[in-house]
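In: any chance you could fold what I've pasted below:
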Amino acid sequence: MKTADLGKVRATLWAAADELRANSKLTPVQYRDPVLGLVFLAYAENRFEAIREEVEANRSKRNPVKPADYKAKSVLYVPDESKLSYLVNLPEGEDVGKAVDDAIRGIEEANPELKDILPRGYQKLERSTLIELLRLFAPLPTQLGGDAFGFIYEDFLSNFAAQEGRGGGEYFTPYSIVRLIVEILEPFQGRVYDPACGSGGMFVQCGKFVERHHAAASRQLSIYGVEKTEDTVPLAKMNLALHGLSGDIRQANSYYENPHKAVGAFDFVMANPPFNVDKIKKEQLAGDKRYPFGMPNADNGNFLWIQQFYAALSQNGRAGFVMANSASDAGHSEKEIRKQLIESGAVDVMISVGPNFFYTVTLPVALWFLDKGKIGTDREDTVLFIDARDIYRQVDRAHRDFTEDQIEFLANIVRLYRGENVVTKDGSESLLQEHFPDGEYVDVPGLCKAVDRAEIENQGWSLNPGRYVGVAETEDDDTDFTSRIQELYEEFVVLSDEADELQAKVDAVVRGVLAE
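Out: Numbering: from 1, shown residues only. Predicted structure coming up:
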């Protein structure tokens with residue numbers, strides 16, 4: 001299927017599924033899992049039918065096909081009763097909800113590795129809604145290629161997360177942020193770890209990175225994840241399976257539990273942890289080697305996460321993670337931990353990202369990159385700071401992302417700094433020519449600067465790129481001024497809307513109290 005056709009199918013599918021939800025009694029949270037389960041069944045049937053003729057050609061009545069024959073080719077065995085093509089053609093009056101639940105049970109029995117991963121409860125859906133969903137998804141196994149289902153699953157995760165707002169942000173990190181982290185980490189081969197893995201998007205993008213470099217991700221990467229929320233673990237496992245990956249995903253609380261014995265164990269660590277978490281029982285963490293720089297006095301979990309990421313790295317390991325902007329400049333005990341981290345030589349790159357990239361927070365965030373492999377090199381005492389707050393695409397009034405060429409450009413700044421070859425498959429040539437015409441890294445005012453440890457110490461051990469990169473040289477251009485005013489006004493409108501929503505909630509609570 002052509003890319004344009006696939007894009008149309010993806011948009012049409014979501015629009016149709018969302019319209020069905022709007023006409024039902026279900027909330028996005030109630031609707032999410034059943035829909036993703038049907039996407040998974042469509043994918044499994046597609047893969048099964050693609051190789052069935054080949055598998056059956058080598059079998060006879062005396063030696064019939066077994067589920068193991070499909071598993072040998074990394075394909076799930078799908079019983080007839082578990083196929084969407086069977087379910088959509090059930091006789092009138094049949095209990096469709098029970099049939100779909102039975103289909104889920106059947107595919108799990110044939111493939112024990114799926115046990116307790118796929119959603120149940122289709123009998124709770126309105127019959128008319130479920131029938132329309134089956135009609136929507138049933139044609140897909142014969143219309144799409146295997147890779148398309150991964151894209152569709154990602155689309156649905158993203159759209160559900162947007163609808164759920166703050167709750168959705170707990171399991172989904174926007175694609176362009178993950179892609180940028182992966183391009184800078186360069187996880188060609190090794191053990192990958194995410195102790196706050198949500199729906200597994202970091203792992204999926206690692207796999208795609210490997211495949212873009214013409215290797216099999218399932219052979220090159222070993223995946224390990226931890227997720228606190230029990231209901232989210234199946235989302236991650238389904239996401240991996242839809243992308244031809246598998247991994248060891250455990251349900252646990254990463255503050256207190258360490259199911260993968262993570263200290264020094266991983267080549268790559270990636271994460272988008274929850275920010276500014278309070279009420280962590282730090283007395284339970286005494287002596288835990290995952291916190292080598294000590295406990296912060298502040299009632300805030302940011303520097304517990306940061307230490308976990310650092311401690312999990314092997315001798316040459318790299319980490320990339322999202323963090324609240326406040327951690328870059330936090331004082332007192334958090335400053336002391338940040339100082340120790342900088343003095344270790346592992347802090348490699350810091351990137352400021354502008355507002356409205358996330359569903360959970362409208363504020364700007366920072367991307368941190370650690371690299372233990374640079375210790376002992378000429379980059380050991382240097383940190384690259386990049387201010388990307390003015391680099392973005394405005395998706396809608398409330399959301400931004402990075403385009404493919406912007407992702408490639410930002411990753412290429414890091415590659416130039418590291419002395420690596422740049423990549424220009426996604427159209428970043430003009431940006432590179434504009435800022436680095438000689439093809440070598442240079443500090444660019446307002447964009448990037450390589451800073452030594454002495455200067456960082458003079459700045460109070462701050463890791464905020466805005467303190468170092470300065471301001472870009474610009475002409476007095478009314479157009480630039482007008483554009484900036486428009487951007488600021490858009491931010492003001494978004495914040496005002498949120499303030500109105502909060503005011504309405506406060507008013508409702510106060511009225512409720514007064515009415516008692």
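
In: CA atoms for contacts and neighbours, from now on please.
Out: Fine.

In: report how many residues lie close to the closest residue in space to Thr424 that isn't next to it in sequence.
Out: Nearest residue to Thr424, sequence neighbours excluded (C-alpha to C-alpha, 6 or more residues apart in numbering): Glu408, at 7.2 Å. Per other C-alpha atoms under 10 Å, the neighbour tally for Glu408 reads 25.

In: now name the helix or strand holding Glu408.
Out: Assessed by DSSP states H and E, Glu408 sits inside helix 404-418.

In: what does Asn316 give?
Out: Following DSSP H and E, one finds Asn316 within strand 313-324.

In: and the average pLDDT for whichever helix or strand comes after the helix holding Glu408 is what?
Out: Where DSSP H and E defines the elements, the next helix or strand beyond helix 404-418 is helix 429-435. For helix 429-435, mean pLDDT rounds to 97.

In: using CSV, list the CA coordinates for the helix holding Glu408.
Out: Taking Å, rounded to 0.1, in the frame of the first residue of the first chain, the C-alpha atoms of helix 404-418 are listed here in CSV:
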residue,chain,number,x,y,z
GLU,A,404,11.3,14.8,10.5
ASP,A,405,13.9,17.3,9.2
GLN,A,406,14.0,19.2,12.5
ILE,A,407,14.6,15.9,14.4
GLU,A,408,17.3,15.0,12.0
PHE,A,409,18.9,18.5,12.2
LEU,A,410,19.0,18.4,16.1
ALA,A,411,20.5,14.9,16.1
ASN,A,412,23.0,16.1,13.5
ILE,A,413,24.2,18.9,15.8
VAL,A,414,25.1,16.2,18.3
ARG,A,415,26.7,14.0,15.6
LEU,A,416,28.9,17.0,14.5
TYR,A,417,29.8,17.6,18.2
ARG,A,418,30.8,13.9,18.6
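
In: which helices and strands does that helix pack with?
Out: Counting contacts by 3 or more C-alpha pairs under 8 Å, 6 or more residues apart in numbering; DSSP states H and E, helix 404-418 packs against helix 175-185.

In: what is the helix it packs on packed up against?
Out: Contact partners of helix 175-185 among helices and strands, from 3+ C-alpha pairs under 8 Å, 6+ apart: helix 201-212, strand 313-324, helix 404-418.

In: and the ones you listed, which one averages the lowest pLDDT?
Out: helix 201-212 (a mean of 92).

In: what about the helix or strand just after that one, average pLDDT?
Out: Downstream of helix 201-212, the next assigned helix or strand under DSSP H and E is helix 217-220. Mean pLDDT, helix 217-220: 89.

In: for helix 217-220, packing partners?
Out: Judged by 3+ C-alpha pairs under 8 Å, 6+ apart, the packing partners of helix 217-220 are helix 201-212.

In: 10 Å instead, please
Out: Under the contact criterion of 3 or more C-alpha pairs under 10 Å, 6 or more residues apart in numbering; DSSP states H and E, helix 217-220 touches strand 190-194, helix 201-212.

In: wait, doesn't Ile131 sit right on Gly93?
Out: No - at 11.6 Å, Ile131 does not count as touching Gly93 under the criterion of C-alpha atoms under 10 Å.

In: what count of nearby residues applies to the residue nearest to Gly207 when sequence neighbours are not counted?
Out: For Gly207, ignoring the flanking residues on the chain, the nearest one in space by C-alpha to C-alpha, 6+ apart is Ala217 at 4.9 Å. Residues within reach of Ala217, counting by other C-alpha under 10 Å, total 23.

In: I'd guessed Ala217 sits against Val192; true?
Out: No - with contacts counted by C-alpha under 10 Å, Ala217 stays clear of Val192, the gap being 11.5 Å.

In: any idea how many residues pack against Gly427?
Out: Look at Gly427: counted by other C-alpha under 10 Å, it has 14 neighbours.

In: residues contacting the residue nearest to it when sequence neighbours are not counted?
Out: Using C-alpha to C-alpha, 6+ apart and skipping the chain neighbours, the partner closest in space to Gly427 is Asp405 (5.1 Å). Taking C-alpha atoms under 10 Å, 6 or more residues apart in numbering as the criterion, Asp405 is in contact with 411, 424-431.

In: strands of the protein, residue ranges please.
Out: Under the criterion DSSP state E, the chain contains strands at 190-194, 221-227, 248-251, 266-271, 313-324, 347-353, 365-371, 382-388, 393-396, 399-401, 448-452.

In: and the third one, what does it pack onto?
Out: Contact partners of strand 248-251 among helices and strands, from 3+ C-alpha pairs under 10 Å, 6+ apart: strand 190-194, strand 221-227, helix 233-242.

In: what average pLDDT does it get?
Out: 95.

In: so who does the residue nearest to Thr424 touch?
Out: 179-180, 183-184, 402, 422-429, 431-432.

In: same thing but at 8 Å, please
Out: Contacts were defined as C-alpha atoms under 8 Å, 6 or more residues apart in numbering; by that measure Glu408 touches 180, 183, 423-424, 426-428.

In: same deal with Gly106?
Out: 79, 81-82 are the contacts of Gly106 under C-alpha under 8 Å, 6+ apart.

In: hmm, 7 Å instead?
Out: Neighbour list for Gly106: 79, 82 [criterion: C-alpha atoms under 7 Å, 6 or more residues apart in numbering].

In: and Ser344, how far from Met350?
Out: Using C-alpha to C-alpha, to the nearest Å, Ser344 is found at 16 Å from Met350.

In: which one's more surrounded, these two?
Out: Applying other C-alpha under 10 Å to Ser344 and Met350 shows that Met350 carries more neighbours, namely 22 against 13.
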